[in-house]
Structures are given as C-alpha cells and as structure tokens.
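In: return a 3D structure for these sequence lines:
(2 chains)
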There are 2 protein chains.
Amino acid sequence: MLAELRAALPADRLLTDPDTVAPYVHDEAEWADHGHPVVVVRPRGTTEVAAVVAACARHRVPVVTRGAGTGLSGGANAVEGCVLLCTERMRDIVEINEAERLAVVQPGVVNDDLRAACAERGLWYPPDPASAPWSTIGGNVATNAGGLCCVKYGVTRDYVLALEVVTAAGEVVRLGRRTAKGVAGYDLAGLMVGSEGTLGVITEITVRLRPLRTTPPRTVVGFFDTLAECGAAVAAVTAQGLQPAAFELIDRHCLRAVNEWRRAGLPEDAAALLLAQTDLPEPAATAEAEAFHAAFVGAGASEAIMSTDPVEAEALFEARRLAYPAFEQRGDALLTEDVCLPRGRLAEMLERVEEISARNDTFIANVAHAGDGNLHPLIIVPHRDQAAKARAQVAFDEIVDAAIALGGTVTGEHGVGLLKRAGMHKELGPGVLALQRAVKAALDPHDILNPGKVVG
Amino acid sequence: MLAELRAALPADRLLTDPDTVAPYVHDEAEWADHGHPVVVVRPRGTTEVAAVVAACARHRVPVVTRGAGTGLSGGANAVEGCVLLCTERMRDIVEINEAERLAVVQPGVVNDDLRAACAERGLWYPPDPASAPWSTIGGNVATNAGGLCCVKYGVTRDYVLALEVVTAAGEVVRLGRRTAKGVAGYDLAGLMVGSEGTLGVITEITVRLRPLRTTPPRTVVGFFDTLAECGAAVAAVTAQGLQPAAFELIDRHCLRAVNEWRRAGLPEDAAALLLAQTDLPEPAATAEAEAFHAAFVGAGASEAIMSTDPVEAEALFEARRLAYPAFEQRGDALLTEDVCLPRGRLAEMLERVEEISARNDTFIANVAHAGDGNLHPLIIVPHRDQAAKARAQVAFDEIVDAAIALGGTVTGEHGVGLLKRAGMHKELGPGVLALQRAVKAALDPHDILNPGKVVG
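Out: So this is what the prediction gives:
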C-alpha cells in the first residue's frame, strides 16, 4: 500500500521517518493511548485525499485524519498501522463572500486566520474554541467545537452550510448547500459535523458568517466565595432572560496558576469569578450589564464590578484561555473534563466536583463556559506519580457519572475520541448505540475511517 | 395485522370507515398522488405508537405518520395499504422550563399553541411557518419547517435539542440532550429533523427557547416597479450587514388576490413590495430601519415607507400569510414552489420565473422569504383545465431546473415528499443519493417508514 501511495503522490507528501512522524501520532489528550502510523500523508488537495482514502479502502488500512492536533479526547490519535492523514497543507481560504455571507475554506485553515480574513471584509465567524490560535476549521467541524461565543451565537454545527467529503470508498461528494435554507434529503452535512473523522474525510467547508460586531463588548465581573453561589448566579442570569455574549467561570486555582506563570496580578481571594459580557448596542448594553450586576449581587457575590476598562476585562478573559497551558507548563499531567449540565444543575455539579476532588485526594481546578453549563474540571497530577494518576482516573470517571446522574452529557464540546467512549456508552444506552453503529456501518462498511473512535 | 392493532389499542384509536378516513389520506399538495390506508390510527402516547410500529414491522406494513396535514410536498400522503398514524391526539405540552429555556411537547401540539404557552412564561419559540395556526410541532420537525423569523432566528433544526423516537423496529429511543451543548455520538436528533417520517416516528420533542422579544418590531415597506429591483434591494440589505428579523416579498398578484378575498385595501400599483422588519432595541431600531429604507431607495424603489403604525404593518404581513389561501379559496388548483437561491441570485431567479410563466402561458404569483432567498412561486391553474395543468407541470419543472442552475436548492423549507423527488435527484447526484439511501437502509432496513418518500 505504501508503494501505491508513493506512486500516486509527490514524495514530499509522505513522511515515514520515525522522528518526523512522532509529532503527528497523538493529540493533546495525553492520557489517551495511541498507535503508530505506517505513514503520515500531507495531501495538498481533494484529489490527493481521495487517492489516499481509495488506496486505504482497497487495502483495508485505517485512515486517521488530523488537523492541528489540539483535541483533548484522543480523537485524532493514530491507530496502529494506520495512514495518518494530516490536513496541514490544505490551508486555502477559497472564498469569502459578502453577498452570500459565507466562506469556503480548506480543512487546514486555522480558526483565527479565518476570523481575521473575515474581519477584513466586515464579516465574523463566531465559533471560538480556546484553541483558536492553532486549531483548524476541519478539526473544529470534526469535533463540533464550541467556545466562548457559543452561549449566544451557537457552536460550529450552527455555521456549517456545506461540506466536501471523501467517503470511505474514496469518492468525493458535496453535502449541504450554499443557500440560507434547504431540506433536500437528509442532513448529511450536519451528520458529518462532530463525527470525528469516522464517517468521511472533510476536504472543504462552507461556513455561514455573521456581520462583524462593531460595539465593543462590556464585561461584568462577579467575585464569589463559593462555587455554589457562582452556580446560582448563572441560573439567575438565564432565568431572567438575559443573553450574555460570553459567560465564563474561572476558579481561584486557575487564577493562581496564570498569576504564577504570567505575573498577571489577577485577583485570587474569591473562590471563583464569573465574567459576563454584553455586546448589545447602547443603551441596551448598560441595561444588560446592570442586570448581570444585580443577578451577581443577588446570588451572593462578595463583589461585582461593571468593568469600564476593556483592557482589564480582556486580561480576565485571557486568564480563562490560559488556564490550561498555565497548568501544562508547570509540568503537570492534565486530564481535562468536558461535562455539560442543564444550567440549573451547575451549582450542584460544582459541589459534586469539590466532593470528588476531596474524596479522591486529587487536585481539580475549574473553568467553565458557565452560561452553557459546560464545565471543564482540570484534573491535575504531578508527572510520574502513578498512584495519583490512578486516583485521578477514578475522579474523572466519577465526574462523568455525576454529570449523567444530573441529566448532563459526558462531552459538551471536546468530542468522544477515546477518553469519553465509556461515558458515552453509559449516557446513550444500547438502543441509541445500535442506531449509531448502524449509521457508521452504512457509511463506512469496512470500518477504515478512524476505527475505534466514537462508536467504534 | 388489523386484528393485532385492535387487540393492542382501545377501539377509539382506530378509524376504518372510508368517510372518516378520507380527510387523513393526503396533505395540502393537491397535485401529489396518494394511496389508501388500511387504517388510520390516532395513538394517545408513545407506548401506543411503539405498539403500532412494532406490529407494522412484524407484518412489513408501511407506516405513514402525519400531523395536521398542512404539508405542501405530499410527504404525509398515504401509501397504498399503509397504516396512517396521526398524532392529533398527542397534544400535551409536557414542560416549559424557564431555567433551562426549553420546552418538551408531544408531536401533535400546534405551533401557535406552543408559542402562546411559551409567551405566558416570558419565552419564545421562533419557528413560524405560515401554517403555524394549524401545523404541529411534530410535522414542523419532520419537515424542518422555516417561516418568517428564520432569516434572523433560524429554522426548526436550530431549536431541536432532543427527540424521543420510535424506531423502525418499534423500539423507543431518546436522541439528543437537554443541555445547551453536547457532542456524545453522532447527531441523530439532527438527522431525524427534516427526514419526513422515513427514519423514525417522533413521539416527543424537546425544543430550545429564546427570551420573549419585548420590543415591538418596526417595519419598512418598499414598493418596486420590477421584480429585478426587488432582488437588488434584498442583495443590498445583505451586503450591508443588516439583519432584518423578517424580510418578505409579496407581488402584485398576491396583493390583488388578498384584496379580492378580504377587501383588504392593499396597494396594487407596484410589481411587488418588500417588508423588512427590525426588532432591535431603540435607537438601534431606528438606525436599522433607516438603513433598510436607504437600501430600498438605492435599489430603485418607487416608494419606501418607514411604518410607524404597527396595525398597518401587520396587515401587510397578514397579506403575506394569506396569499396561499386567497388563491385557494378562488377554487384554483395551486402548485407551490419552494426553491431557495443564493441571495445574490434572487433577482435573476425572479426574472427567470417571469420568463417561464410567459413562455408556458401559466399564471405564477410570487411570495418569498426574500432575505433567505427562499422563493415560493404559486403556480395557479383553473380546476379541470387539464391542458393548463400540463403546462403548469412544465413550468414547475423548469423553475426547479433554473434554481439548480443558479446554485440553489429545490426545496428551502417544504420538504421533498413526493413532488420534489425528481428535483432532489438532479440536485444531489448519484454519489450523495447513495449515501442517503445507505442511511435510510441502516435505520429502516425493511423500508416500512413512509416508503417512497424523500429518498425512497
């Protein structure tokens, strides 16, 4: 098969040297297993992708597709003996169209690069995972990535209009449409979103755009002595019909870690703080900011501040984004949770996480897309401490179980990959899993597309 | 099989008398064929639906599900010898939850009834097809219904969080989630939306809600001497980054028909008028209304008016909704188109419709969700005029071909049903159709769920 690929593609597309291959074999889910690919292929276009998948189909060799490898569930990890297809050389922004309010991109385009290119044309691509400076649109689509904006503006799924996909048979198809609406046949483009490379290889993406926001956002910061009060404040904001454009939670552990790393001078006194942002035009912005403030105070905030300084507010949002790398650079091993709860259960879930942390003698810091109920407990363990790792794994599983028990889901935006397979099984149950597997078998009958991931 | 159903269900659930059955055998697509059911079943809950589908599965009898029968593509039409399952007795609003901003309903709940119940709790269910006073949420989900709001607020698909579904095997499964986000497994709830009863029978629906809008909307009306100018105005509004909360087109023929029926006193001088609505808070509303006005004038409107009278504006929107029944009550036969174009091609498409109308000597009136590029040419033919009907069918096919040629889709929101099957085949092509059929076969291996519709 390798000979066939060498014949079909220019030599620079293929990497087989172990040292060169090494950076491609796993994503950021450091606790997930990975195998070794026979080759890393970096195709330059759809025709080359189709040739690779067709060869794999003929030889029944697994194909694992990856973008930037910023995933946190092991979804892009190499399967033993696979062809690892990396989209890093498919970075063209094919079209940005003001009249149709859409963009067409290759899968390897970096999220922030698309956002910047759109902004130049007065347009906005909202989905903004914390990995936006590095992660690719292809990876974002494959995992249905969320981010800070999605509390008001929706997730990647809400922006995908059409996909070009190479099927498990190596055929190129176009799914979806360029129009604002359309119901011709089943929504296979939607089915591909979040399928983590197990149903097809995405080679081109058409996304819906919004007009660029022109109002500078205003932020309200609330400081809370307990996580439970934080949860109550989130519930109050939702129940009052407010619609923050971002609504984040950062706990004291994360603020400390960022302070230690960046000397950021962030407040560390409160147990956690909430950041709620409004992007309404004035005077509605002031009214909304005041309503956030009142909700925070009403829920027991020790302090609440309507920030008038965009730089100060941005520093707090930056701390939110830096929490993960701040712990990572300390040399700790991180196991990142991604449970999503009904908003009204967030306070209860945060209490359970504290209890799980204490009982398992495991350090857990929390950040959350609070307004979505999407909680990211960061389970942090010193490297090489195997006993601590074992306890952390128990804590991870208990958090998953608690989320299911409270009516939540085991993964809000990171995807199933390898780490959440067991949790997904518990969440969905045998009837739904059978349907999931039937769909997988229908679209990938020989199980060559990212086998073993998601429902595999 | 009928004996089995009689044994399993209370007698009042089953209708077999031909006169009683007659109103259930087809939807509003009067030109689509329909067969005759062996029985109409009106179950009262999920358990009864599961019993019906299980019996049909055992006996390999087709099941056709219908709500209120307001569809316009024949999707709910009886298949010869089928069990016709009507959801009209499953009308419970199970839950409206302010804290989670969601509602749970049975499929037979009427769209307007859900909207009214939500409004009492300060919440809003946006999807508003013109059929909203009669059509059911189950039918709206099965067809992924659109409406006036969706230009700004999205279609039914954007509001479905979870579904309870009876599978082709008669098993009850829950798809989706109650949380704001979630990526555990393939998006099978999304796949069900728009699948027109061919992949499962929907027995419960969980929808996302928005806070109720409190700003009374403001409307700008533009009068245009040509449809091409109308199209140019639509393109201008989009290109300027404006986001109307509704953006509709009504042509002179429709205004006349409504005037004749209701003595509505609507203006009939212009070739067509555009209605653009803003629901922003002031003073942004005034700025947006002025921008609509300027765009209309710039595109060549003979007149443009910023309505200060909500009653007057509502009369024009009412005319938009009444266009279809106005022609229908005249006793004419209607063939309703539903093509959706890239917004920038709307003017060109409107010109092609005029040309197709003239060349085929066929009367065609136009209404459109202009801001979505979703055009509803109403092809109107005197009843019993077979020659005119034949010409109308040619016009219908030519409009479909023109939409595909301009990069559009054959159905924006009405669904494929029976009338758009040929068009969908042309639009999707063999590769995508093969994938669609593979999904259908995976979830309904014996082809008992609404066979012959959509990809059947």
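In: what's the angle from the lengthiest helix in chain A to helix B:421-443?
Out: With DSSP state H setting the assignment, residue counts place helix A:421-443 as the longest helix in chain A. If you take axes from the mean of the first three to the mean of the last three Cα atoms, to 10 degrees, helix A:421-443 sits at 130 degrees to helix B:421-443.
In: which other helices and strands does helix A:421-443 contact?
Out: Helix A:421-443 sits against helix A:386-405, strand B:172-176, helix B:188-192, helix B:421-443, with contacts defined as 3 or more Cβ pairs under 8 Å, 6 or more residues apart in numbering or on different chains; DSSP states H and E. C-beta: built from backbone N, CA, C; applies to glycine.
In: which secondary structure elements does the third one sit against?
Out: This points to helix B:188-192. Counting contacts by 3+ Cβ pairs under 8 Å, 6+ apart, helix B:188-192 packs against helix A:188-192, helix A:421-443, strand B:160-166, strand B:172-176.
In: and if we set it to 10 Å?
Out: helix A:188-192, helix A:421-443, helix B:137-143, strand B:160-166, strand B:172-176, strand B:201-208, helix B:421-443 (3 or more Cβ pairs under 10 Å, 6 or more residues apart in numbering or on different chains; DSSP states H and E).
In: what about the fifth one and chain A, touching?
Out: Put plainly, it is strand B:172-176. Yes - residues of strand B:172-176 contacting chain A under Cβ under 10 Å from any Cβ of the partner chain: B:172-176.
In: neighbours around A:Pro23, how many?
Out: Counted by other Cβ atoms under 10 Å in any protein chain shown, the residues lying close to A:Pro23 total 11.
In: check contacts around the residue nearest to it when sequence neighbours are not counted.
Out: Using Cβ to Cβ, 6 or more residues apart in numbering or on different chains and skipping the chain neighbours, the partner closest in space to A:Pro23 is A:Gly69 (7.8 Å). By Cβ atoms under 10 Å, 6 or more residues apart in numbering or on different chains, the contact set of A:Gly69 is A:23-29, A:75-77, A:86, A:88, A:131, A:134-136, A:139.
In: just the ones of those in strands?
Out: Mapping those onto strands (DSSP state E) picks out A:Cys86.
In: what about the contacts of A:Gly69, which are in helices?
Out: Within those, residues falling in helices by DSSP H are A:Gly139.
In: just the buried residues from the contacts of A:Gly69, in PyMOL please.
Out: In PyMOL, this line selects whichever of these come out buried by 16 or more other Cβ atoms under 10 Å in any protein chain shown:
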select buried, chain A and resi 24+25+26+27+28+29+75+76+77+86+88+131+134+135+136+139
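In: the longest helix of chain A vs strand B:172-176, what angle?
Out: 100 degrees.
In: name the residues of helix A:421-443 that are buried.
Out: Neighbour-count burial for helix A:421-443, counted by 16+ other Cβ under 10 Å, picks out A:421, A:423-425, A:427-428, A:431-433, A:435-440, A:442-443.
In: then stretch A:345-362?
Out: Buried residues in stretch A:345-362, defined by neighbour count with 16+ other Cβ under 10 Å: A:345-350, A:352-354, A:356-357, A:360, A:362.
In: so what's the residue count around A:Asp17?
Out: Using other Cβ under 10 Å, A:Asp17 has 8 neighbouring residues.
In: you'd agree it is up against A:Val40?
Out: Yes - A:Asp17 is in contact with A:Val40 according to Cβ atoms under 10 Å; the separation is 9.5 Å.
In: what comes into contact with stretch A:378-397?
Out: With Cβ under 10 Å, 6+ apart as the contact definition, stretch A:378-397 has outside contacts at A:30-31, A:251, A:253-254, A:257, A:323-324, A:326-328, A:330-337, A:353, A:356-367, A:377, A:399, A:419-420, A:422-423, A:426.
In: for PyMOL, write the select line for the buried members of these.
Out: In PyMOL, a selection of the buried entries from the contacts of stretch A:378-397 looks like this (16+ other Cβ under 10 Å):
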select buried, chain A and resi 31+251+253+254+257+323+324+326+327+328+332+333+334+335+336+337+353+356+357+360+362+363+364+365+366+367+377+399+419+420+423
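In: and the lowest-mean-pLDDT helix or strand in chain A with chain B, contact?
Out: Lowest mean confidence among the helices and strands of chain A (mean pLDDT, DSSP states H and E): helix A:310-329, at a mean of 85. No - on the criterion Cβ under 10 Å from any Cβ, helix A:310-329 is out of touch with chain B, staying 16.8 Å away.
In: fine by me, thanks again.
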